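Colleague: heads up, no residue letters with this:
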């Protein structure tokens, strides 16, 4: 049983599954646009297409406005192109789709024939020919991978296929499937799409410290004894050789087709230095090294990867990404958030790198793409921001309407450095959630549009976060791991990379605007705590009932001055911060008279919001759980509920006086209006609930896959649950 009731108590209503009312009046979206990938421009360069998961999203380049979404059910998009005034998208099914850009209609869906043991990863395009890189995979796992995010296994073999007779002309005689031709087999799978570049009759691959040219029909594990490695030695002009590339036409490739770096660099570990990207532009080959060095071989199709036609430069010491125009102008984004424009002149030898304009971005660039006439460029940043740049002046044209994400190294991607999505009670006319954005920032998200509407720089002192192998581990940063929002205030808790137990508390006063578009935040006070970590943070403002009118200035000011914040430490200690009127109104300090020492010296595992100056906590003592109800004014314990087994979470419902507890065996509701009434109001016996939450108008719970909207008023007569079902289980 979840709870024990005393004899003589009124009957307890236990809900049965047959009594649960279902509803399908909802729409489910999963991580829409959360992991954008660079796509393509249209022929007018006024629209840009990016893809994420199952969707292709079009944007207006001049305004950044999101125009349309092209959905692909049941498979992941792996490439997007614009051809013959149609949008061409590839999926890992594998299929390709033709779309009418103006109205979003799907014109055709054509299957691509690949061996059954191959999973399509990426697509490449050169001179109107399309290629698919596929990874070998077990047949029993392939159906599962198709509908989820593709994960690259670098130890698996992969193959490069050319798509034959791909037709982009919409007509009734459109083929239902197209065949492919195997042009190359790779001993292992490249870590990313950028590690491979496809050309006519051959492709270039970078791996670790090696850049190598492979002819179609040539396996990359084959060794050629006559092949010379360009390791900085002087060689005579190379002789060309004819290599058959799996087609009737011969492709001429140079003898020297491999370049290996033997040089030592000023880094901690030489094994970490490696090539990250190769790009073919005209008759030049570019390769970028993750220490910030860019290599360029001119006329590489005839002269090969020689030192005679090689130039390179090292700019920043940060990991670069590159795109190159047809006339050799290079745009290079570095991990220090800088975007540079360079020209390679032909006046002196192999050329001289000349720096032109540069642009400071808000986050490190992840990938770049130039439009057809090289006047505009799409820049995708690490925090999922998509920017459009004018290449002539290196000026920002617009930022796309996207969802920002927090990118942390794997060892820091936990609750010590980020917080769970929460709501903002101050926004009366807008439904927005609050979450982490890039390092040191928080964002307001429109859940209906899946886009960021506002960003606030909490850390303020953070520099632009580098994103590379060598500098990120040394970078000292702060990030928000806990926030509390009320009608008048925002309080944040930050921790640093080097010391997660050290907390920086900041008190921000909000403007009186009802709309977030006109809102502002002013930092009032900052408190530093050494070796103290906040587990729960609550405002004494009663968001359920106490809503001051923004038109009444006196009421608003009184509410601001009376608001306090409850800090529950990981040790179980509870502090209340209030405005110190004796010093100045913007100064916050601990109320020493109401400091709550650790009750029974036990930890607190859950804390409710404040309602009618009361809040509840769950505390563990000798493997037993206790619900402790406290009064904020005196920090006096008004009630202890000790008859619940394995209580997990406690929260006030949106109905007055009703406290709901989530236990391992189900839900239990109490009416806390009468202090001597210890019996549960009702019980729902269902052992798989994992979360409980409430707002001004709703109370709901979920079991990982189903969300239930609760009516907590009367458990004996009118209690019902409205069910919302997710397609896949969720956590928390």
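Modeller: Structure's in. What do you need? Because the structure is a prediction, the values reported are computed rather than measured.

Colleague: What is the end-to-end distance of stretch 31-49?
Modeller: 18 Å (Cα to Cα, to the nearest Å).

Colleague: and that stretch, how far from the chain's centre?
Modeller: Averaging C-alpha positions (Cα atoms, centre = their mean, to the nearest Å) puts stretch 31-49 17 Å from its chain's average.

Colleague: Report the contact partners of residue 578.
Modeller: For residue 578, the contact set (Cβ atoms under 8 Å, 6 or more residues apart in numbering) comprises 564, 565, 588, 589, 591. C-beta: built from backbone N, CA, C; applies to glycine.

Colleague: Can I get the buried part of these as one ChimeraX selection?
Modeller: ChimeraX command restricting the contacts of residue 578 to the buried ones, with burial defined by 16 or more other Cβ atoms under 10 Å:
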select :564,565,588
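
Colleague: between the contacts of residue 578, which is nearest residue 277?
Modeller: residue 565 (47.8 Å; Cβ to Cβ).

Colleague: Phi, psi for the closest one please.
Modeller: Backbone dihedrals for residue 565, given as degrees, to the nearest 10, come out at phi -130, psi 140.

Colleague: Check the gap between it and residue 583 for me.
Modeller: Distance, residue 565 to residue 583, by Cβ to Cβ, to the nearest Å: 17 Å.

Colleague: Ok, residue 92 next?
Modeller: Counting by Cβ to Cβ, the gap from residue 92 to residue 583 is 62 Å.

Colleague: Buried residues, stretch 113-133. List them.
Modeller: 114, 118-125, 130-133.

Colleague: my guess is residue 390 meets residue 378, correct?
Modeller: No: if you go by Cβ atoms under 8 Å, residue 390 and residue 378 don't touch, sitting 11.8 Å apart.

Colleague: Pick out whichever of these two has more residues nearby.
Modeller: residue 378 (25 against 13; other Cβ atoms under 10 Å).

Colleague: Check which helix or strand that one maps to.
Modeller: strand 376-381 (DSSP states H and E).

Colleague: any idea which helix or strand comes after that strand?
Modeller: Taking DSSP H and E, what comes next after strand 376-381 is strand 386-390.

Colleague: which strands and helices sit next to the helix or strand following that following strand?
Modeller: Under the assignment DSSP H and E, the closest C-terminal helix or strand after strand 386-390 is strand 395-399. When contacts are defined as 3 or more Cβ pairs under 8 Å, 6 or more residues apart in numbering; DSSP states H and E, strand 395-399 sits against strand 386-390.

Colleague: For the strand it packs on, which residues meet the burial criterion?
Modeller: So, applying 16+ other Cβ under 10 Å, buried residues of strand 386-390: 386, 387, 388, 389.

Colleague: if I pick the most centrally placed residue in the chain, what's in contact with it?
Modeller: Nearest to the mean C-alpha position of the chain, counting by Cα atoms, centre = their mean, stands residue 405 at 3.6 Å. By Cβ under 8 Å, 6+ apart, the contact set of residue 405 is 34, 35, 383, 384, 437, 438.

Colleague: And those residues, which is closest to residue 278?
Modeller: Using Cβ to Cβ, the contacts of residue 405 come closest to residue 278 at residue 35, 22.9 Å.

Colleague: That closest one: neighbour count?
Modeller: Neighbours of residue 35 using other Cβ under 10 Å come to 12.

Colleague: and it, what does it touch?
Modeller: 52, 53, 149, 384, 405.

Colleague: For it, which three-state class applies?
Modeller: Secondary structure for residue 35, judged by DSSP: H, G, I helix; E, B strand; the rest coil, is coil.

Colleague: follow-up on the earlier one: for the contacts of residue 578, which one is nearest residue 635?
Modeller: Lowest distance from residue 635 to the contacts of residue 578 (Cβ to Cβ) belongs to residue 591, with 8.9 Å.

Colleague: So the closest one sits against residue 580, correct?
Modeller: No: if you go by Cβ under 8 Å, residue 591 and residue 580 don't touch, sitting 9.4 Å apart.

Colleague: Next, count neighbours for residue 501.
Modeller: 13.

Colleague: Over to residue 268?
Modeller: So residue 268, with other Cβ under 10 Å, has 10 neighbours.

Colleague: if I look at it, how far off is residue 275?
Modeller: 19 Å.

Colleague: before we move on, what about residue 124?
Modeller: 18 Å.

Colleague: do the same with residue 47
Modeller: 33 Å.

Colleague: Between these two, tell me which one has more neighbours.
Modeller: Taking other Cβ under 10 Å, residue 47 and residue 275 do not tie; residue 275 has more neighbours (22 against 19).

Colleague: Test my guess that the more buried one contacts residue 204.
Modeller: No: using Cβ under 8 Å, residue 275 makes no contact with residue 204, being 10.4 Å away.

Colleague: Give the residues shared as contacts by those two.
Modeller: With Cβ under 8 Å, 6+ apart as the test, residue 275 and residue 204 both reach residue 211.

Colleague: Could you point out the helix or strand that follows the helix or strand bottoming out on mean pLDDT in the chain?
Modeller: Every helix and strand of the chain was ranked by mean pLDDT, DSSP states H and E. The lowest is strand 21-22, at a mean of 35. Toward the C-terminal end, the helix or strand that comes next after strand 21-22 (DSSP H and E) is strand 37-41.

Colleague: That next one pairs with which strands?
Modeller: Strand pairing for strand 37-41, using DSSP bridges, gives strand 47-52 (antiparallel).

Colleague: now the helices for this structure?
Modeller: Along the chain, counting by DSSP state H, helices occupy 139-146, 300-303, 553-562.

Colleague: Pull out the buried positions in the second one.
Modeller: In this case it means helix 300-303. Neighbour count says helix 300-303 has 300, 301, 303 buried, by 16+ other Cβ under 10 Å.

Colleague: do the same with stretch 201-215
Modeller: For stretch 201-215, burial by neighbour count (16+ other Cβ under 10 Å) applies to 201-207, 209-215.

Colleague: Show me what that stretch is in contact with.
Modeller: 160, 184, 186, 188, 190, 195-197, 216, 220, 243-245, 247, 249, 251, 253-254, 257-262, 273-278, 280, 285, 287, 295, 300, 304-305.

Colleague: Could you tell me which of those count as buried?
Modeller: The buried subset of the contacts of stretch 201-215 (16+ other Cβ under 10 Å) comprises 160, 184, 186, 190, 195-197, 216, 220, 243, 245, 251, 253-254, 257-259, 261, 273-278, 280, 285, 287, 295, 300, 304-305.

Colleague: The nearest residue to residue 479 once chain neighbours are set aside - how many residues pack around it?
Modeller: Nearest non-adjacent residue to residue 479, counting by Cβ to Cβ, 6 or more residues apart in numbering: residue 417, 4.9 Å away. When counting by other Cβ under 10 Å, one arrives at 23 neighbours for residue 417.

Colleague: Which one among the contacts of residue 35 sits at the bottom for pLDDT?
Modeller: The lowest pLDDT within the contacts of residue 35 belongs to residue 149, with 47.
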